[in-house]
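Engineer: please find the sequence and the predicted model below.
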Amino acid sequence: VKWTAEERAAIEAVFASLDYESVGRESLTRLLVVYPWTRRYFGGFGNLFNTEAIMANPKVAAHGTVVLQGLEMALEDMDNIKKTYASLSELHSEKLQVDPGNFQLLGDCLTVVIATRMRTEFTPVIQAAWQKFLCVVVAALRRQYN
Ligand code: HEM
């Protein structure tokens, strides 16, 4: 995958604008509420029975930050994203057995949250670079699945 200087700048601008704690929590909350089957993977997180419980769950909040930190890893080497995610891909496929279609869903939830935060600054050009970035990360996470 090739990145233009504009795309790199756009992706960095999105990350720079993000408050990991609140954006991570809200994105994961949306995933669990909008796509309720995703709750099954988080058996260790305690009460995820309804929207109120998910919103108040401290493990959801903490894990939201972990996911964003995981996404940020891609920035360190934008030309080797596949390599960066080799072990996370293996973890999600072999140990956690997460259906890989869910990666895209989490990406979509994150995009919705980012749009609500950045508002008019989330221009079509910024969104285009952001979606490309998510596609590459999701493809890298799917890589260890057969
Ligand atoms: C754990 C990143 C999508 C389920 C993790 C960890 C990271 C991460 C960094 C911690 C790994 C460790 O402790 O070594 C990501 C990224 C995703 C993504 C970047 C996509 C953009 C998903 C999806 C699901 C999921 C869609 C399920 C629907 C889990 C579970 C854990 C985990 C169950 C273990 C949580 C725990 O028990 O602490 N993920 N993840 N992940 N992920 Fe993901």
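Structural biologist: Sure thing, it's come through.
Engineer: pLDDT below threshold where in the chain?
Structural biologist: For the chain, no stretch has pLDDT under 70.
Engineer: point out the residues in it that sit beside the ligand.
Structural biologist: Contacts of the chain with the ligand, taken as CB under 6 Å from any ligand atom, map to 38, 41-42, 44, 63, 66-67, 70-71, 88, 91-92, 96, 98, 102-103, 106-107, 137, 141. Heads up, the C-betas are built off the backbone N, CA and C, glycines and all.
Engineer: can you tell me the element whichever residue of the chain sits closest to the ligand falls in?
Structural biologist: Ranking the residues of the chain by distance to the ligand (CB to the nearest ligand atom) places G70 first, at 3.0 Å. Here G70, judged by DSSP states H and E, is contained in helix 58-76.
Engineer: can you give me the helices in the protein?
Structural biologist: Assignment of helices within the chain using DSSP state H yields the ranges 5-17, 20-34, 51-56, 58-76, 81-84, 86-90, 101-118, 124-141.
Engineer: and the fifth one, what does it pack onto?
Structural biologist: With contacts defined as 3 or more CB pairs under 8 Å, 6 or more residues apart in numbering; DSSP states H and E, the packing partners of helix 81-84 are helix 58-76, helix 124-141.
Engineer: buried stuff in that helix?
Structural biologist: Going by neighbour count (16 or more other CB atoms under 10 Å), the buried part of helix 81-84 is I81, T84.
Engineer: and for it, what's in contact with it?
Structural biologist: Defining contact as CB atoms under 8 Å, 6 or more residues apart in numbering, one finds that helix 81-84 is touched by V1, M73, A74, E76, D77, V136, V137, A139, A140, R143.
Engineer: give me the nearest residue to the most centrally placed residue in the chain, chain neighbours excluded.
Structural biologist: The centre of the chain sits closest to G107, judged by CA atoms, centre = their mean, with a distance of 4.8 Å. Sequence neighbours aside, L134 is the residue nearest to G107 in space, at 4.2 Å (criterion: CB to CB, 6 or more residues apart in numbering).
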